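>>> Generate a structure from the sequence data that follows.
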Amino acid sequence: MHGPEVDALASQLRDLLALVGGLSDSDFERPTRCPGWTVAELVAHCEGMLVRLVGDNAQPVEGAAETDRVGYYRFDPDGPREGEDPGKTFSEIIRDRVVEEAAGRTPSQLKASLDAALNAALEGVDAIPADRVIKRSGHPRMTFGEFVASRNLEFGVHTMDIAHAVGAPEQTDPAAGVVISGILDGLLGEPLPTGLGWDTTTYILAGTGRRELTDAEQRTLGPLAPQFPLLR
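Numbering: from 1, shown residues only. I've put the predicted structure just below:
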């Protein structure tokens, strides 16, 4: 598939790779604001998402698409999922898997694996039609094109998470930021008030619960304020 969402994702992934490639070994040991994850584990998580993007998550299924890039985020992340431990939340299952995936791997190995997974993912996306219908566990069916669009949010936010952990500027690729803001707008249900004055970074941080609203922002948002964070 091709299109602006793919181009935006490719740019965001290159920014992620450049950030990770410049980290010191000690940076990989730093905690992140993703509870229970170090930078090493967050890098391993990104690698895993890239592998599954054109692997398990790209397998075609029968039936029409039921949701899109916005609806993808309107689900219960802690609801029961077939074949998974009912005693754990979905977040706990993901955390445990990532901790295991990162265990015993050196920073150099993680950097090389992320690089290889990124290149393979971009090549794989190029070969998969945007209208292929896929289904992730716990989600309704959607097209591969809409799923790829949703990955801008995942990789954009996690790039910012890593930057935050190591004291680097938090930002997304401009094109990816447009896609991410569009998803947040869809979750909010209407445009942000014009007087809010947020840039893309502030919107993403507030929309994903990585930044608390100030009293003034809550007043400006009015009845929209209780919707924040729009996703976690």
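
>>> what's R132 in contact with, if anything?
Listed by C-beta atoms under 8 Å, 6 or more residues apart in numbering, the contact set of R132 reads 58, 60, 143-144. C-betas here are computed from N, CA, C, even on glycine.

>>> try 10 Å
1, 58-61, 65, 142-145, 147 (C-beta atoms under 10 Å, 6 or more residues apart in numbering).

>>> Same question for A176.
5, 7-13, 15, 151-153, 155-157, 159, 200, 204.

>>> hmm, try it at 8 Å
8-9, 11-12, 152, 155-156.

>>> what does E123 give?
V54.

>>> Which secondary structure element is home to it?
Using DSSP states H and E, E123 falls within helix 107-127.

>>> What are the buried residues along that helix?
Neighbour-count burial for helix 107-127, with 16 or more other C-beta atoms under 10 Å as criterion, is recorded at 107, 110-111, 113-114, 117-118, 121-122, 125.

>>> ranges for the strands of the chain?
For the chain, the strands defined by DSSP state E cover 133-134, 142-143.

>>> In a markdown table, list these along with mean pLDDT, distance to E29 and mean neighbour count.
Listed next are those as a markdown table, based on pLDDT from 0 to 100; distance: least, C-beta to C-beta, whole Å; neighbours: other C-beta atoms under 10 Å:
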| stretch | mean pLDDT | distance to E29 | mean neighbour count |
| --- | --- | --- | --- |
| strand 133-134 | 98 | 36 | 18 |
| strand 142-143 | 98 | 37 | 21 |
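
>>> Give me the angle between the helix ranked longest in the chain and helix 107-127.
In the chain, assigned by DSSP state H, the helix with the most residues is helix 144-166. Calculated by axes from the mean of the first three to the mean of the last three C-alpha atoms, to 10 degrees, helix 144-166 forms an angle of 160 degrees with helix 107-127.

>>> for helix 144-166, the distance to its chain's centre please.
Helix 144-166 sits 3 Å away from the centroid of its parent chain (C-alpha atoms, centre = their mean, to the nearest Å).

>>> Show me what it packs onto, helices and strands only.
For helix 144-166, the packing partners by 3 or more C-beta pairs under 8 Å, 6 or more residues apart in numbering; DSSP states H and E come out as helix 4-21, helix 39-53, strand 133-134, helix 174-188, helix 200-207.

>>> For A168, which of these is the nearest?
helix 4-21 (6.6 Å; C-beta to C-beta).

>>> Can you give me the buried ones in that closest one?
For helix 4-21, by 16+ other C-beta under 10 Å, it's 5-6, 8-13, 15-17, 19-20.

>>> Looking at those residues, which two lie furthest apart in space?
Within the buried residues of helix 4-21 (distances taken as C-beta to C-beta), the two that end up farthest apart are E5 and V20, at 22.3 Å.

>>> Spit out the contact partners of the most centrally placed residue in the chain.
In the chain, the residue lying closest to the centroid (C-alpha atoms, centre = their mean) is E154, at 0.8 Å. Each residue near E154 by C-beta under 8 Å, 6+ apart is listed here: M49.

>>> what's the spacing between it and M49?
According to C-beta to C-beta, to the nearest Å, E154 and M49 sit 6 Å apart.

>>> I'm done for today, thanks for sticking with me.
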